[in-house]
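Asker: how would this look folded up:
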Amino acid sequence: MEAQLDHSDRSGGLALGGPVPHLVPVDQLQPADSPRLAGEDEQHARRLAESETEWPPILVHRATMHVIDGMHRLRAAKEKGWHSIKAEFFDGTAEAAFVEAVRANIRHGLPLSLDDRRSAAERIVTTRQDMSDRAIAECTGLSTKTVGGIRRRLTGGSSRQEVRLGRDGRRRPLSAAEGRRRAAEALTARPHAPLRQIAKAAGVSVGTAHDVRERLRRGEDPVAPRDRGKARQPGGPQEPQAPAGEPALTAGEQERKSRNMRARLQSLRRDPSLRFSESGRELLRWLFLHHQAKAKYPHVVENIPPHLAATVAELAIQCAEMWRSLARELEDRAGRAD
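Answerer: Numbering: from 1, shown residues only. So this is what the prediction gives:
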């Protein structure tokens with residue numbers, strides 16, 4: 001990450017639960033590069049000065065000593081006649097500091113107006129083109145659709161960036177094809193490297209790295225047909241992709257496939273050879289759970305915490321390999337029976 005909070009404790013104590021604030025002279029602090037178009041609210045600063053509640057530390061850009069978050073608290077401190085104020089330090093670029101200022105003002109304090117948030121989104125889209133629409137939306141409190149509209153208006157629908165920075169701080173290629181090609185190059189150079197390392201080097205998911213490896217083993221093009229000449233859309237949840245080597249299905253085809261699967265499952269459920277054996281009932285439970293999981297796939301994937309994504313991806317690959325192994329055994333058995 002290009003920016004971080006200072007977690008050091010210059011007094012020699014232990015930092016428990018987060019950054020340790022420092023007492024900073026108020027005359028050393030510079031005005032904020034604020035996302036508030038109208039500037040600070042004097043009445044809000046006055047109410048803070050009259051309050052007996054302890055304020056949280058302000059946030060300061062260490063390189064410039066500009067206040068990132070806490071101008072109202074700083075004004076209140078000056079009104080009280082204080083010579084210093086508690087502050088935490090932020091290390092990063094000026095652009096990253098502005099993003100943090102917007103994020104902080106969305107989380108607490110005097111709310112930003114809709115115009116403030118739109119203006120902030122415009123500036124971030126212009127200065128941080130690597131940030132995804134979803135990451136900017138989360139930062140500014142706008143919808144992903146609104147941020148996408150702002151980006152299209154400002155850039156004319158074009159983007160010079162090949163990667164975008166997501167909410168989890170990871171960079172991902174806009175072009176799925178380019179990411180797959182990089183994964184293929186990494187696998188060719190390091191065929192025995194763990195998939196997680198390959199995925200990180202190529203900027204793709206572990207699942208994509210696994211699919212590329214399987215394609216290379218079969219002597220196929222590492223870029224799936226559905227990804228050739230197609231750029232990944234910034235922002236918005238991704239629809240479940242078709243299995244490797246298969247064309248993407250239309251919405252109508254997906255619905256027909258789902259109805260067909262439900263009908264087959266109901267047929268299996270009525271079969272006595274499965275219903276009246278423990279192993280048969282276990283198989284039915286597996287199949288029905290898989291069908292239910294497929295229907296809830298987009299919502300579940302969207303809400304997996306970023307720090308667990310790689311682990312869940314590896315487990316999903318292992319589950320897929322189990323089902324593939326089961327399918328091969330059953331196909332072999334059916335072939336021997338013919």
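Asker: Quick check: buried residues in stretch 112-131?
Answerer: Applying a neighbour-count criterion of 16 or more other CB atoms under 10 Å, one finds 112, 116-125, 128, 130-131 buried in stretch 112-131. From N, CA and C alone the C-beta is placed, and that goes for glycine too.
Asker: Looking at it now, give me its mean pLDDT.
Answerer: Averaged across stretch 112-131, the pLDDT comes to 86.
Asker: just to revisit the earlier point, just curious, which of the buried residues of stretch 112-131 is nearest to residue 154?
Answerer: Closest approach between the buried residues of stretch 112-131 and residue 154, by CB to CB: residue 125, at 5.6 Å.
Asker: need the strands for the stretch 51-200 of the chain, in chain order.
Answerer: Using DSSP state E, counting those that start in this stretch, the strands of the stretch 51-200 of the chain run over 58-61, 66-69, 84-91, 163-165, 171-173.
Asker: Turn these into CSV, columns for mean neighbour count and mean pLDDT.
Answerer: What follows is the strands of the stretch 51-200 of the chain, written out as CSV (neighbours: other CB atoms under 10 Å; pLDDT from 0 to 100):
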stretch, mean neighbour count, mean pLDDT
strand 58-61, 24, 91
strand 66-69, 25, 90
strand 84-91, 21, 90
strand 163-165, 20, 51
strand 171-173, 17, 53
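Asker: Switch those strands over to JSON lines, and while doing so, append distance to residue 196 to every line.
Answerer: Output for the strands of the stretch 51-200 of the chain, formatted as JSON lines (distance: least, CB to CB, whole Å):
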{"stretch": "strand 58-61", "distance to residue 196": "33"}
{"stretch": "strand 66-69", "distance to residue 196": "34"}
{"stretch": "strand 84-91", "distance to residue 196": "28"}
{"stretch": "strand 163-165", "distance to residue 196": "19"}
{"stretch": "strand 171-173", "distance to residue 196": "15"}
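Asker: where in this protein is pLDDT low?
Answerer: 1-20, 109, 157-176, 224-255, 294-299, 302, 334-338 (pLDDT under 70).
Asker: tell me which strands and helices the lengthiest helix in it is in contact with?
Answerer: With secondary structure taken from DSSP state H, the chain has its longest helix at helix 309-337. Counting contacts by 3 or more CB pairs under 8 Å, 6 or more residues apart in numbering; DSSP states H and E, helix 309-337 is packed against helix 195-202, helix 206-217.
Asker: Out of those, which one sits most buried?
Answerer: Among those, helix 206-217 has the highest mean neighbour count (mean count of other CB atoms under 10 Å), at a mean of 20.
Asker: Quick one: list the elements packing against that one.
Answerer: helix 176-189, helix 195-202, helix 309-337.
Asker: got CSV for these, with distance to residue 57 too?
Answerer: Below are those laid out as CSV (distance: least, CB to CB, whole Å):
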stretch, distance to residue 57
helix 176-189, 40
helix 195-202, 34
helix 309-337, 32
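Asker: Minimum distance to residue 91: which of those helices has it?
Answerer: Of the helices and strands packed on helix 206-217, nearest to residue 91 by CB to CB is helix 195-202, at 23.4 Å.
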